[in-house]
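Colleague: Could you work out the structure for the sequence below:
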Amino acid sequence: MIMVRLIVATAVHPRVGLLPSSLAYGMDDLAHFFFIFLLLYFLFALLGTWVLGSTRSEFVDFTTSCATQFNMMIGELPEDWSQNTSLLIFVSVHFLVFFFFLLNFLLAIIVEAYSTLT
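Modeller: This next block holds a predicted model:
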């Protein structure tokens with residue numbers, strides 16, 4: 001809550017106020033992005049549970065799959081992920097979708113909102 005107040009308080013400054021203005025301008029695109037992000041995140045969790053749940057403890061149920069995906073997003077890969085073909089394909093596609101596509105989409109939304117305001 002304090003962080004939100006700080007961002008709102010900086011809106012009166014002409015240069016620092018670009019942050020809340022950029023967020024407000026790109027809010028529609030950001031909302032759609034986060035909808036697609038959550039949809040893909042939960043679909044990958046379901047896919048991981050369905051394909052890998054019977055053989056890997058990291059994907060035994062939906063909640064554990066979500067936690068494993070979060071760990072993968074911050075850089076912690078499951079043990080011996082490169083020896084299991086199904087897990088190797090899952091990790092590779094996960095990184096392709098989340099890091100190469102979605103992260104670039106997020107950056108494009110932010111940069112477009114910022115460049116429109118400046």
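Colleague: So which bits of the longest helix anywhere in the chain are buried?
Modeller: For the chain, the longest helix by residue count, based on DSSP state H, is helix 27-52. By neighbour count on 16 or more other Cβ atoms under 10 Å, the buried set for helix 27-52 is 29-30, 33, 37, 41, 44-45, 47-49, 52. C-beta coordinates here come from the backbone N, C-alpha and C atoms, glycine included.
Colleague: same check, this time on stretch 58-76
Modeller: Quick answer for stretch 58-76 (16+ other Cβ under 10 Å): 58-60, 64-66, 68-69, 72.
Colleague: CSV for those, including distance to residue 4?
Modeller: Below are the buried residues of stretch 58-76 laid out as CSV (distance: Cβ to Cβ, whole Å):
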residue, distance to residue 4
58, 35
59, 35
60, 37
64, 32
65, 31
66, 26
68, 31
69, 27
72, 29
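Colleague: Determine which two of these are furthest apart.
Modeller: Farthest pair in the buried residues of stretch 58-76 (Cβ to Cβ) is 60 and 72. Separation: 15.6 Å.
Colleague: I'd like to know which elements the longest helix of the chain is packed against.
Modeller: helix 62-73, helix 85-95, helix 103-117 (3 or more Cβ pairs under 8 Å, 6 or more residues apart in numbering; DSSP states H and E).
Colleague: how far is the last one from where the chain is centred?
Modeller: Between the centre of helix 103-117 and the centre of its chain there are 15 Å (Cα atoms, centre = their mean, to the nearest Å).
Colleague: What lies in contact with it?
Modeller: 18, 21-23, 25-26, 29-30, 33 (Cβ atoms under 8 Å, 6 or more residues apart in numbering).
Colleague: one step back: for the record, mean pLDDT for the longest helix of the chain?
Modeller: The pLDDT scores in helix 27-52 average 92.
Colleague: could you check the angle helix 85-95 makes with it?
Modeller: Relative orientation of helix 27-52 versus helix 85-95 (axes from the mean of the first three to the mean of the last three Cα atoms, to 10 degrees): 180 degrees.
Colleague: ok and helix 27-52 relative to helix 103-117, angle-wise?
Modeller: 180 degrees.
Colleague: picking that back up, now the helices and strands packed on helix 27-52 in TSV, with distance to residue 8 and mean pLDDT?
Modeller: Listed next are those as TSV, based on distance: least, Cβ to Cβ, whole Å; pLDDT from 0 to 100:
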stretch	distance to residue 8	mean pLDDT
helix 62-73	29	92
helix 85-95	36	90
helix 103-117	17	85
